[in-house]
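Asker: Fold the following and give me the result.
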Amino acid sequence: QVQLVESGGGLVQAGGSLRLSCAASGLIFSVKAMGWYRQAPGKQRELVAVISTGGGSTNYADSLKGRFFISRNNAKNTVYLQMNSLKPEDTAVYYCNAVITSPLQHEDDYWGQGTQVTVSS
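Answerer: Okay, the predicted model is just below:
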């Protein structure tokens, strides 16, 4: 089994920063692309950022470029999301996503349980 466990969410004032972490554990052969998505109340889940296997390629939602930064530590099977200059509209549940290959070479898509980020004005 594979688990993605997120941490780092919470309540922050507008203009503040938060750093989210997501660690993958379990029966893992390799972790490929990793990413963050978010879902605000009454809205669809949307892409925040994704990062390639080696970390050399990243992609962000246009509205978040320059404020949010994704990174990863492959030795720890962990992906991070640094969120700066937070705005009330960034309030959402943030979900980690990873494409993971098992020791039996079966590739699958996994999601974390979500972590709440609330930005007060």
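
Asker: Please spell out which residues along the helix or strand hosting Gln116 are buried.
Answerer: Taking DSSP states H and E as the definition, Gln116 sits inside strand 115-120. For strand 115-120, burial by neighbour count (16 or more other CB atoms under 10 Å) applies to Thr115, Val117, Val119. All C-beta atoms are positioned from the backbone trio N, CA, C, and that covers glycine.

Asker: That strand pairs with which strands?
Answerer: As defined by DSSP bridges, the strand partners of strand 115-120 come to strand 10-13 (parallel), strand 92-101 (antiparallel).

Asker: Take those strands and lay them out in JSON lines including mean pLDDT and mean neighbour count.
Answerer: Below are the strands paired with strand 115-120 laid out as JSON lines (pLDDT from 0 to 100; neighbours: other CB atoms under 10 Å):
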{"stretch": "strand 10-13", "mean pLDDT": "98", "mean neighbour count": "13"}
{"stretch": "strand 92-101", "mean pLDDT": "98", "mean neighbour count": "21"}
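
Asker: outside of the strand holding Gln116, which residues touch it?
Answerer: Taking contacts as CB atoms under 8 Å, 6 or more residues apart in numbering, the residues outside strand 115-120 that touch it are 6-14, 16, 18, 20, 38, 83, 86-94.

Asker: go on, stretch 88-99?
Answerer: 4, 6, 9, 14, 20, 22, 24, 31-41, 43, 45, 48, 50, 79, 81, 83, 107-112, 114-121.

Asker: Now intersect those with the strands, please.
Answerer: 4, 6, 20, 22, 24, 31-39, 48, 50, 79, 81, 83, 107-111, 115-120 (DSSP state E).
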